[in-house]
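1. build me a structure from this.
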Amino acid sequence: MLRALMGAFALLFATAANAQQLYPLPPQPAGVAWPTQEWAEAPLPADVDRAALDLAITEAFAGRHALLGETRAVVIIQGGRLVFERYADGYSRDTRLNSWSMAKSVTHALVGAAVLQGRVAIDSPMGNPHWRASDRRASISWRNWLNMVDGLEYSENGDSVANAGNARMLFGEGRQHTTRWAANLPLIHDPGTHWNYSSAGTLLISDALTRAIVPNPQSPIERRERMRVWMNTSLFDQIGVRPVVEFDPQGLFYGSSLIWMTGRDWARFGYLYLRGGVWDGQRVLPEGWVDFGRTPGPAQNTDTYGAHWWLTPPTGDGRPARSLITGDEMRDAFSAQGYEGQIVVVVPSKDLVMVRLGLFTDGSEAWDALGDWSTRVIGAFGARPAAP
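-> Numbering: from 1, shown residues only. A predicted model of the protein is given here:
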(Lines give C-alpha, C1' and ligand atoms only; values in the text may rest on other atoms or scores of the structure.)
Protein backbone atom coordinates (compact mmCIF):
# COMPACT_ATOMS: atom_id res chain seq x y z
CA MET A 1 0.00 0.00 0.00
CA LEU A 2 2.77 2.47 0.95
CA ARG A 3 4.60 1.79 -2.31
CA ALA A 4 1.44 2.43 -4.31
CA LEU A 5 0.75 5.67 -2.45
CA MET A 6 4.32 6.81 -3.09
CA GLY A 7 3.72 6.09 -6.77
CA ALA A 8 0.62 8.27 -6.71
CA PHE A 9 2.60 11.13 -5.15
CA ALA A 10 5.29 10.65 -7.80
CA LEU A 11 2.59 11.05 -10.44
CA LEU A 12 1.61 14.39 -8.96
CA PHE A 13 5.19 15.66 -8.92
CA ALA A 14 5.81 14.41 -12.47
CA THR A 15 2.73 16.14 -13.86
CA ALA A 16 2.99 19.41 -11.92
CA ALA A 17 5.37 21.09 -14.37
CA ASN A 18 3.43 19.84 -17.38
CA ALA A 19 0.12 20.99 -15.88
CA GLN A 20 1.42 24.57 -15.89
CA GLN A 21 1.60 24.37 -19.68
CA LEU A 22 -1.83 22.77 -20.17
CA TYR A 23 -5.05 24.67 -20.65
CA PRO A 24 -6.90 24.61 -17.31
CA LEU A 25 -9.74 22.13 -16.99
CA PRO A 26 -13.00 24.02 -16.39
CA PRO A 27 -15.04 23.44 -13.24
CA GLN A 28 -18.65 22.32 -13.11
CA PRO A 29 -20.87 25.37 -13.78
CA ALA A 30 -22.89 26.53 -10.81
CA GLY A 31 -26.46 25.32 -10.85
CA VAL A 32 -25.90 22.60 -13.47
CA ALA A 33 -26.68 19.07 -12.31
CA TRP A 34 -24.16 16.31 -12.87
CA PRO A 35 -25.37 13.91 -15.58
CA THR A 36 -25.13 10.71 -13.54
CA GLN A 37 -28.71 9.79 -14.45
CA GLU A 38 -29.66 12.19 -17.25
CA TRP A 39 -28.02 15.07 -19.03
CA ALA A 40 -29.30 18.56 -18.35
CA GLU A 41 -30.38 19.82 -21.78
CA ALA A 42 -30.21 23.29 -23.28
CA PRO A 43 -30.62 24.90 -26.71
CA LEU A 44 -27.55 25.70 -28.74
CA PRO A 45 -25.70 28.66 -27.23
CA ALA A 46 -26.24 32.01 -28.90
CA ASP A 47 -22.62 32.28 -30.02
CA VAL A 48 -22.71 29.07 -32.10
CA ASP A 49 -22.12 29.51 -35.83
CA ARG A 50 -25.34 27.72 -36.75
CA ALA A 51 -24.74 27.84 -40.49
CA ALA A 52 -21.36 26.10 -40.15
CA LEU A 53 -22.76 23.54 -37.71
CA ASP A 54 -25.83 22.79 -39.84
CA LEU A 55 -23.70 22.31 -42.94
CA ALA A 56 -21.35 19.88 -41.19
CA ILE A 57 -24.19 17.87 -39.62
CA THR A 58 -26.11 17.70 -42.88
CA GLU A 59 -22.97 16.45 -44.61
CA ALA A 60 -22.47 13.74 -41.99
CA PHE A 61 -26.03 12.41 -42.01
CA ALA A 62 -26.86 12.79 -45.72
CA GLY A 63 -26.40 9.13 -46.64
CA ARG A 64 -23.06 7.38 -46.89
CA HIS A 65 -20.31 9.96 -47.36
CA ALA A 66 -17.41 9.03 -49.67
CA LEU A 67 -14.87 9.46 -46.85
CA LEU A 68 -16.81 9.97 -43.61
CA GLY A 69 -18.87 6.88 -44.33
CA GLU A 70 -21.88 6.37 -42.09
CA THR A 71 -22.32 8.64 -39.08
CA ARG A 72 -24.53 6.91 -36.52
CA ALA A 73 -24.43 9.27 -33.53
CA VAL A 74 -23.28 12.80 -32.71
CA VAL A 75 -23.56 14.11 -29.16
CA ILE A 76 -22.25 17.52 -28.06
CA ILE A 77 -21.98 18.76 -24.49
CA GLN A 78 -21.06 22.34 -23.60
CA GLY A 79 -21.08 23.91 -20.18
CA GLY A 80 -22.32 20.68 -18.65
CA ARG A 81 -25.47 20.57 -20.76
CA LEU A 82 -26.43 18.48 -23.76
CA VAL A 83 -26.82 21.06 -26.52
CA PHE A 84 -26.89 18.85 -29.61
CA GLU A 85 -27.73 15.22 -30.35
CA ARG A 86 -28.57 13.35 -33.53
CA TYR A 87 -28.76 9.71 -34.57
CA ALA A 88 -28.98 7.96 -37.91
CA ASP A 89 -32.06 5.94 -38.80
CA GLY A 90 -32.05 2.69 -36.83
CA TYR A 91 -29.99 4.13 -33.96
CA SER A 92 -31.03 6.01 -30.84
CA ARG A 93 -29.82 7.36 -27.50
CA ASP A 94 -30.20 3.81 -26.14
CA THR A 95 -28.04 2.10 -28.79
CA ARG A 96 -24.71 0.81 -27.52
CA LEU A 97 -21.95 1.10 -30.11
CA ASN A 98 -18.47 -0.40 -30.19
CA SER A 99 -15.55 1.54 -28.80
CA TRP A 100 -12.86 -0.17 -30.78
CA SER A 101 -9.70 1.58 -29.57
CA MET A 102 -11.52 4.24 -27.55
CA ALA A 103 -11.42 1.47 -24.94
CA LYS A 104 -7.72 2.27 -24.46
CA SER A 105 -8.71 5.58 -22.87
CA VAL A 106 -11.17 3.70 -20.64
CA THR A 107 -8.29 1.43 -19.59
CA HIS A 108 -6.33 4.57 -18.69
CA ALA A 109 -9.22 5.54 -16.41
CA LEU A 110 -9.39 2.08 -14.83
CA VAL A 111 -5.67 2.15 -14.06
CA GLY A 112 -6.21 5.59 -12.55
CA ALA A 113 -8.95 4.22 -10.30
CA ALA A 114 -6.54 1.51 -9.14
CA VAL A 115 -3.85 4.14 -8.43
CA LEU A 116 -6.36 6.11 -6.38
CA GLN A 117 -7.10 2.98 -4.35
CA GLY A 118 -3.39 2.32 -3.74
CA ARG A 119 -3.38 -0.88 -5.81
CA VAL A 120 -1.00 0.32 -8.57
CA ALA A 121 2.11 2.53 -8.57
CA ILE A 122 2.73 3.68 -12.12
CA ASP A 123 6.49 4.12 -11.82
CA SER A 124 6.98 0.57 -10.57
CA PRO A 125 7.58 -2.34 -12.97
CA MET A 126 4.33 -3.73 -14.35
CA GLY A 127 5.57 -7.27 -15.02
CA ASN A 128 3.86 -10.35 -16.40
CA PRO A 129 3.86 -14.03 -15.30
CA HIS A 130 5.26 -15.01 -18.70
CA TRP A 131 8.49 -13.09 -18.01
CA ARG A 132 11.21 -14.07 -15.57
CA ALA A 133 12.50 -11.44 -13.17
CA SER A 134 15.72 -11.20 -15.22
CA ASP A 135 13.77 -10.46 -18.42
CA ARG A 136 14.19 -6.79 -19.26
CA ARG A 137 10.53 -6.60 -20.24
CA ALA A 138 9.66 -7.29 -16.61
CA SER A 139 11.28 -3.97 -15.58
CA ILE A 140 9.16 -1.74 -17.85
CA SER A 141 7.07 0.66 -15.76
CA TRP A 142 3.32 1.14 -15.89
CA ARG A 143 4.03 4.72 -17.01
CA ASN A 144 5.98 3.55 -20.06
CA TRP A 145 3.24 1.08 -21.00
CA LEU A 146 0.59 3.81 -20.73
CA ASN A 147 2.69 6.18 -22.86
CA MET A 148 3.18 3.34 -25.41
CA VAL A 149 6.95 3.62 -25.17
CA ASP A 150 7.42 0.05 -23.95
CA GLY A 151 9.75 -0.84 -26.84
CA LEU A 152 8.16 -4.15 -27.86
CA GLU A 153 8.15 -5.23 -31.50
CA TYR A 154 4.57 -4.93 -32.67
CA SER A 155 2.75 -3.68 -35.77
CA GLU A 156 -0.86 -2.60 -35.30
CA ASN A 157 -1.47 -2.63 -39.05
CA GLY A 158 -0.36 -5.24 -41.56
CA ASP A 159 -0.55 -5.57 -45.32
CA SER A 160 -4.10 -6.88 -44.79
CA VAL A 161 -6.66 -6.93 -42.01
CA ALA A 162 -5.84 -10.59 -41.30
CA ASN A 163 -2.14 -9.76 -40.82
CA ALA A 164 -2.68 -6.73 -38.58
CA GLY A 165 -1.32 -7.27 -35.08
CA ASN A 166 -4.59 -6.47 -33.34
CA ALA A 167 -6.56 -8.88 -35.54
CA ARG A 168 -4.02 -11.67 -35.01
CA MET A 169 -4.10 -11.15 -31.24
CA LEU A 170 -7.88 -10.89 -30.80
CA PHE A 171 -9.24 -13.03 -33.62
CA GLY A 172 -6.33 -15.05 -35.00
CA GLU A 173 -3.73 -17.28 -33.41
CA GLY A 174 -3.80 -15.34 -30.13
CA ARG A 175 -7.52 -15.43 -29.52
CA GLN A 176 -7.57 -18.30 -26.97
CA HIS A 177 -4.88 -16.71 -24.78
CA THR A 178 -4.37 -13.09 -25.73
CA THR A 179 -1.97 -12.33 -22.86
CA ARG A 180 0.43 -15.12 -23.79
CA TRP A 181 0.44 -13.93 -27.41
CA ALA A 182 1.24 -10.33 -26.41
CA ALA A 183 3.80 -11.33 -23.78
CA ASN A 184 5.80 -13.26 -26.40
CA LEU A 185 6.56 -10.08 -28.37
CA PRO A 186 10.31 -9.28 -28.22
CA LEU A 187 11.85 -6.06 -26.94
CA ILE A 188 13.56 -4.09 -29.74
CA HIS A 189 13.86 -0.53 -28.30
CA ASP A 190 15.01 0.84 -24.98
CA PRO A 191 11.86 1.47 -22.92
CA GLY A 192 10.91 5.13 -22.83
CA THR A 193 12.66 6.08 -26.08
CA HIS A 194 10.41 5.04 -28.97
CA TRP A 195 6.64 5.47 -29.34
CA ASN A 196 4.72 2.70 -31.10
CA TYR A 197 0.94 2.45 -31.07
CA SER A 198 0.16 -0.95 -29.57
CA SER A 199 -3.05 -2.75 -28.70
CA ALA A 200 -0.84 -5.55 -27.40
CA GLY A 201 0.66 -3.21 -24.83
CA THR A 202 -2.80 -2.17 -23.66
CA LEU A 203 -3.83 -5.79 -23.34
CA LEU A 204 -0.80 -6.44 -21.12
CA ILE A 205 -1.87 -3.45 -19.00
CA SER A 206 -5.32 -4.99 -18.73
CA ASP A 207 -3.80 -8.28 -17.59
CA ALA A 208 -1.60 -6.61 -14.97
CA LEU A 209 -4.50 -4.52 -13.70
CA THR A 210 -6.69 -7.60 -13.45
CA ARG A 211 -3.99 -9.43 -11.47
CA ALA A 212 -3.81 -6.45 -9.10
CA ILE A 213 -7.57 -6.50 -8.54
CA VAL A 214 -8.22 -10.27 -8.73
CA PRO A 215 -4.92 -11.90 -7.70
CA ASN A 216 -6.00 -15.52 -7.26
CA PRO A 217 -9.10 -16.38 -9.29
CA GLN A 218 -10.30 -19.96 -9.23
CA SER A 219 -11.52 -19.87 -12.83
CA PRO A 220 -11.82 -17.54 -15.85
CA ILE A 221 -15.47 -17.05 -14.93
CA GLU A 222 -14.59 -15.87 -11.42
CA ARG A 223 -11.84 -13.65 -12.82
CA ARG A 224 -14.26 -12.04 -15.25
CA GLU A 225 -17.08 -11.54 -12.76
CA ARG A 226 -14.92 -10.12 -9.98
CA MET A 227 -13.24 -7.73 -12.41
CA ARG A 228 -16.60 -6.68 -13.81
CA VAL A 229 -17.83 -5.82 -10.29
CA TRP A 230 -14.69 -3.81 -9.57
CA MET A 231 -14.90 -1.87 -12.86
CA ASN A 232 -18.54 -1.01 -12.17
CA THR A 233 -18.03 0.14 -8.58
CA SER A 234 -14.74 1.97 -9.24
CA LEU A 235 -15.67 3.80 -12.44
CA PHE A 236 -18.80 3.01 -14.42
CA ASP A 237 -21.44 3.26 -11.69
CA GLN A 238 -19.93 6.48 -10.40
CA ILE A 239 -20.47 8.31 -13.69
CA GLY A 240 -23.72 6.59 -14.57
CA VAL A 241 -22.66 4.50 -17.57
CA ARG A 242 -23.78 0.95 -18.29
CA PRO A 243 -21.33 -0.61 -20.71
CA VAL A 244 -21.05 -4.06 -22.17
CA VAL A 245 -17.40 -5.08 -21.70
CA GLU A 246 -16.07 -8.09 -23.61
CA PHE A 247 -13.61 -10.59 -22.10
CA ASP A 248 -11.32 -13.20 -23.64
CA PRO A 249 -11.59 -16.97 -22.91
CA GLN A 250 -9.21 -16.55 -19.95
CA GLY A 251 -11.55 -14.04 -18.29
CA LEU A 252 -9.46 -10.99 -19.26
CA PHE A 253 -11.14 -7.77 -20.39
CA TYR A 254 -9.50 -6.84 -23.66
CA GLY A 255 -8.64 -3.30 -22.61
CA SER A 256 -7.68 -2.20 -26.11
CA SER A 257 -11.17 -2.50 -27.63
CA LEU A 258 -14.64 -4.07 -27.42
CA ILE A 259 -16.43 -1.86 -24.91
CA TRP A 260 -19.99 -1.01 -25.94
CA MET A 261 -21.70 2.19 -24.74
CA THR A 262 -24.32 4.66 -25.92
CA GLY A 263 -23.43 8.06 -27.35
CA ARG A 264 -24.57 9.70 -24.12
CA ASP A 265 -22.45 7.28 -22.09
CA TRP A 266 -19.38 8.09 -24.17
CA ALA A 267 -20.12 11.78 -23.53
CA ARG A 268 -20.18 11.05 -19.76
CA PHE A 269 -16.80 9.37 -20.04
CA GLY A 270 -15.33 12.38 -21.87
CA TYR A 271 -16.97 14.65 -19.33
CA LEU A 272 -15.15 12.88 -16.47
CA TYR A 273 -11.88 13.92 -18.13
CA LEU A 274 -13.12 17.44 -18.85
CA ARG A 275 -13.77 17.80 -15.11
CA GLY A 276 -10.33 16.53 -14.12
CA GLY A 277 -11.41 13.11 -12.86
CA VAL A 278 -13.95 14.49 -10.36
CA TRP A 279 -17.64 13.60 -10.49
CA ASP A 280 -20.29 15.32 -8.38
CA GLY A 281 -17.81 16.22 -5.64
CA GLN A 282 -16.15 12.78 -5.56
CA ARG A 283 -12.68 12.10 -6.92
CA VAL A 284 -12.89 9.14 -9.31
CA LEU A 285 -9.37 9.48 -10.75
CA PRO A 286 -6.23 10.68 -8.93
CA GLU A 287 -5.38 14.34 -8.95
CA GLY A 288 -3.15 14.91 -11.98
CA TRP A 289 -4.30 11.75 -13.76
CA VAL A 290 -6.15 13.59 -16.54
CA ASP A 291 -3.13 15.86 -17.03
CA PHE A 292 -0.96 12.76 -17.31
CA GLY A 293 -3.25 11.49 -20.06
CA ARG A 294 -3.16 14.77 -22.02
CA THR A 295 0.58 15.44 -21.70
CA PRO A 296 2.91 14.28 -24.52
CA GLY A 297 4.96 11.21 -23.70
CA PRO A 298 8.77 11.13 -23.57
CA ALA A 299 9.52 9.77 -27.05
CA GLN A 300 10.69 12.22 -29.72
CA ASN A 301 9.02 10.42 -32.63
CA THR A 302 5.50 11.62 -31.76
CA ASP A 303 3.81 14.76 -30.45
CA THR A 304 0.22 13.53 -30.81
CA TYR A 305 0.05 10.93 -28.03
CA GLY A 306 -0.03 11.22 -24.26
CA ALA A 307 -1.02 8.34 -22.00
CA HIS A 308 -3.69 6.37 -23.87
CA TRP A 309 -5.17 9.64 -25.17
CA TRP A 310 -4.54 11.35 -28.50
CA LEU A 311 -3.35 14.97 -28.42
CA THR A 312 -3.31 18.06 -30.59
CA PRO A 313 0.31 19.25 -31.00
CA PRO A 314 1.20 22.79 -29.92
CA THR A 315 2.34 23.60 -33.48
CA GLY A 316 2.06 21.99 -36.90
CA ASP A 317 -0.03 19.05 -38.00
CA GLY A 318 1.60 16.46 -35.75
CA ARG A 319 3.91 13.50 -36.12
CA PRO A 320 4.19 10.74 -37.18
CA ALA A 321 0.75 11.49 -38.68
CA ARG A 322 -1.49 14.55 -38.58
CA SER A 323 -3.60 15.28 -35.55
CA LEU A 324 -7.37 14.79 -35.58
CA ILE A 325 -8.04 18.44 -34.67
CA THR A 326 -6.17 21.07 -36.67
CA GLY A 327 -7.69 24.39 -35.54
CA ASP A 328 -5.14 26.69 -33.89
CA GLU A 329 -7.76 27.81 -31.37
CA MET A 330 -8.24 24.20 -30.24
CA ARG A 331 -4.66 23.17 -29.48
CA ASP A 332 -5.84 22.04 -26.05
CA ALA A 333 -8.13 19.34 -27.50
CA PHE A 334 -7.46 15.69 -26.64
CA SER A 335 -9.39 12.66 -27.75
CA ALA A 336 -10.18 8.98 -27.49
CA GLN A 337 -10.16 7.40 -30.95
CA GLY A 338 -11.26 4.06 -32.33
CA TYR A 339 -11.23 2.07 -35.56
CA GLU A 340 -13.69 3.11 -38.28
CA GLY A 341 -14.12 6.64 -36.93
CA GLN A 342 -15.16 6.46 -33.27
CA ILE A 343 -14.12 9.60 -31.37
CA VAL A 344 -14.65 11.37 -28.07
CA VAL A 345 -13.09 14.84 -28.25
CA VAL A 346 -12.52 16.89 -25.07
CA VAL A 347 -11.88 20.63 -25.52
CA PRO A 348 -11.27 22.46 -22.21
CA SER A 349 -11.07 25.93 -23.82
CA LYS A 350 -14.64 25.48 -25.05
CA ASP A 351 -15.83 23.49 -22.01
CA LEU A 352 -17.00 20.96 -24.59
CA VAL A 353 -17.18 17.24 -25.29
CA MET A 354 -18.09 15.91 -28.73
CA VAL A 355 -18.87 12.28 -29.53
CA ARG A 356 -19.05 10.87 -33.05
CA LEU A 357 -19.78 7.20 -33.62
CA GLY A 358 -20.06 5.59 -37.02
CA LEU A 359 -18.41 3.49 -39.68
CA PHE A 360 -15.98 4.26 -42.46
CA THR A 361 -13.28 2.42 -44.33
CA ASP A 362 -10.30 2.97 -42.08
CA GLY A 363 -7.43 4.82 -43.70
CA SER A 364 -5.52 8.09 -43.52
CA GLU A 365 -7.81 9.89 -45.98
CA ALA A 366 -10.91 8.95 -44.00
CA TRP A 367 -9.29 10.01 -40.73
CA ASP A 368 -8.16 13.31 -42.27
CA ALA A 369 -11.72 13.93 -43.46
CA LEU A 370 -13.10 13.12 -40.01
CA GLY A 371 -10.54 15.47 -38.48
CA ASP A 372 -11.51 18.29 -40.83
CA TRP A 373 -15.19 17.65 -40.10
CA SER A 374 -14.61 17.55 -36.34
CA THR A 375 -12.60 20.77 -36.47
CA ARG A 376 -15.47 22.47 -38.29
CA VAL A 377 -18.10 21.20 -35.86
CA ILE A 378 -16.17 22.11 -32.73
CA GLY A 379 -15.01 25.38 -34.31
CA ALA A 380 -18.65 26.41 -34.68
CA PHE A 381 -18.83 26.67 -30.87
CA GLY A 382 -17.51 29.68 -28.98
CA ALA A 383 -14.72 29.55 -26.43
CA ARG A 384 -15.36 29.58 -22.70
CA PRO A 385 -12.89 31.44 -20.47
CA ALA A 386 -10.76 29.43 -18.13
CA ALA A 387 -11.60 29.64 -14.44
CA PRO A 388 -9.49 32.22 -12.57
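
2. all helices of the stretch 51-200 of the chain, in order?
-> For the stretch 51-200 of the chain, helices defined by DSSP state H, counting those that start in this stretch occupy the ranges 103-116, 142-146, 165-170, 178-183, 199-213.

3. could you export the ones you listed to CSV, including columns for distance to Arg275, mean pLDDT and mean neighbour count?
-> The C-beta positions use only the backbone N, C-alpha and C, and glycine is treated the same way. Shown next, in CSV, are the helices of the stretch 51-200 of the chain (distance: least, C-beta to C-beta, whole Å; pLDDT from 0 to 100; neighbours: other C-beta atoms under 10 Å):
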stretch, distance to Arg275, mean pLDDT, mean neighbour count
helix 103-116, 13, 98, 25
helix 142-146, 21, 98, 24
helix 165-170, 31, 66, 22
helix 178-183, 33, 91, 21
helix 199-213, 23, 97, 25
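
4. can I get those helices in a markdown table with distance to Trp373?
-> A markdown table is the format used below for those (distance: least, C-beta to C-beta, whole Å):
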| stretch | distance to Trp373 |
| --- | --- |
| helix 103-116 | 20 |
| helix 142-146 | 29 |
| helix 165-170 | 25 |
| helix 178-183 | 34 |
| helix 199-213 | 25 |
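
5. out of these, nearest to Leu311?
-> Leu311 sits nearest to helix 103-116 of all the helices of the stretch 51-200 of the chain, at 11.9 Å, using C-beta to C-beta.

6. and the angle for the closest one with helix 199-213?
-> Computed by axes from the mean of the first three to the mean of the last three C-alpha atoms, to 10 degrees, the angle separating helix 103-116 from helix 199-213 equals 30 degrees.

7. and helix 103-116, what does it pack against?
-> Contacts defined by 3 or more C-beta pairs under 8 Å, 6 or more residues apart in numbering; DSSP states H and E place helix 103-116 against helix 2-19, helix 142-146, helix 199-213, helix 263-274, helix 289-293, strand 334-338.

8. how about low-confidence regions in the chain?
-> Scanning the chain for pLDDT under 70 picks out 1-20, 158-167, 169, 171-172, 174-175, 362, 387-388.

9. mind listing what the residue nearest the centre of it touches?
-> The residue lying closest to the centre of the chain (C-alpha atoms, centre = their mean) is Ser105, at 2.0 Å. Contact analysis of Ser105 by C-beta atoms under 8 Å, 6 or more residues apart in numbering lists Phe269, Tyr273, Gly293, His308, Trp309, Ala336, Val344.

10. weed out the non-buried ones from these.
-> Taking 16 or more other C-beta atoms under 10 Å as the criterion, what is buried in these is Phe269, Tyr273, Gly293, His308, Trp309, Ala336, Val344.

11. dump the residues you listed into TSV; add distance to Arg211 as well.
-> Below are the buried ones among the contacts of Ser105 laid out as TSV (distance: C-beta to C-beta, whole Å):
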residue	distance to Arg211
Phe269	24
Tyr273	26
Gly293	23
His308	19
Trp309	24
Ala336	25
Val344	28
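
12. how much space separates the residue nearest to the centre of the chain from Gly31?
-> Applying C-beta to C-beta, to the nearest Å, the value for Ser105 to Gly31 is 29 Å.

13. same check, this time on Glu156
-> According to C-beta to C-beta, Glu156 stands 45 Å off from Gly31.

14. give me the more crowded residue out of these two.
-> Glu156 (17 against 7; other C-beta atoms under 10 Å).

15. that one against Thr202, yeah?
-> No: Glu156 is not in contact with Thr202 according to C-beta atoms under 8 Å; the separation is 10.6 Å.

16. where do the strands of the stretch 1-150 of the chain begin and end?
-> Using DSSP state E, counting those that start in this stretch, the strands of the stretch 1-150 of the chain run over residues 40-41, 70-78, 81-87, 97-98.

17. among those, which is the most enclosed?
-> Neighbour counts (mean count of other C-beta atoms under 10 Å) averaged over each of those peak at strand 70-78, with a mean of 23.

18. okay, which residue of this protein is out on the far edge from center?
-> Ser134 (32.2 Å).

19. gap between that residue and Pro348?
-> From Ser134 to Pro348 the distance is 44 Å (C-beta to C-beta).

20. Gly297 is in contact with Tyr305, isn't it?
-> Yes: using C-beta under 8 Å, Gly297 makes contact with Tyr305 at a distance of 6.0 Å.

21. give me the common contacts of the two.
-> Counting by C-beta under 8 Å, 6+ apart, the shared contacts of Gly297 and Tyr305 are Asn147, Met148, Trp195.
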